[in-house]
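Q: Just to be clear, the model below is a prediction. Sequence and coordinates:
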Amino acid sequence: MGHVHAEIILKNAGDVTSVKRGYIKENEIRQTTVTAMVDTGSATLVINEDVCSRLGLAVESDYTAELADGSTQEYGLTEPVKIQWKDRNSICRAVLIPNASEVLLGAIPLEEMDLIINPSKQELVGAHGDTAIYMIK
């Protein structure tokens, strides 16, 4: 299976809230469009310092991540990020990996947006078609 990439919009979730409360205008939301690798082996969103800076995010805490080789490493965990793919969105904190070569879109936001990888077409698709089904348990 090859790598699957998807174009997503990342927004500073605090800015989105500030617009709703009338503190800033919508055009002041810090955001960026990126091509992310869809990585079901990653728990959440992974960004690098450049993306973090463009979104104006602060690092809130430390995060211990287990790498593919089984080792662990400490990284920063950012303020919340709003992830948008087509008409679906998710809000999560991002793991900040300095010098990461690409953004990773992990399992938690994929699940929240009701998305899966279509293996035959090698693309990101809705798990239940064009209509997102959100499971609340």
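A: Yes, it's here.
Q: Against which helices or strands is the longest strand anywhere in the chain packed?
A: Criterion DSSP state E: the longest strand present in the chain is strand 72-85. Packing partners of strand 72-85 (3 or more Cβ pairs under 8 Å, 6 or more residues apart in numbering; DSSP states H and E): strand 4-12, helix 13-20, strand 45-47, strand 59-66, strand 88-96. Any C-beta I mention is one placed from the backbone N, CA and C, and that applies to glycine too.
Q: Who does the fourth one pair with, and is each partner parallel or antiparallel?
A: Put plainly, it is strand 59-66. strand 72-85 (antiparallel) (DSSP bridges).
Q: Which of the residues in the partner strand are classified as buried?
A: Going by neighbour count (16 or more other Cβ atoms under 10 Å), the buried part of strand 72-85 is 75-85.
Q: just stretch 18-32 next, same as before
A: 18, 24, 29-32.
Q: Take those residues and keep only those in strands.
A: Secondary structure assignment by DSSP E places 31-32 of the buried residues of stretch 18-32 in strands.
Q: just for the chain, where's the confidence low?
A: Along the chain, the model assigns pLDDT under 70 to residues 1, 132-137.
Q: mind redoing it with 80?
A: The chain contains residues with pLDDT under 80 at 1-2, 67-68, 129-137.
Q: so how far is residue 48 from the residue of it positioned farthest from its centre?
A: Here the chain reaches farthest from its C-alpha mean at residue 22, the gap being 25.3 Å by Cα atoms, centre = their mean. Counting by Cβ to Cβ, to the nearest Å, the separation of residue 22 from residue 48 is 32 Å.
Q: residues in contact with residue 31?
A: 9-12, 15, 55 (Cβ atoms under 8 Å, 6 or more residues apart in numbering).
Q: Now with 6 Å, please.
A: The contact partners of residue 31, taken as Cβ atoms under 6 Å, 6 or more residues apart in numbering, are residue 11.
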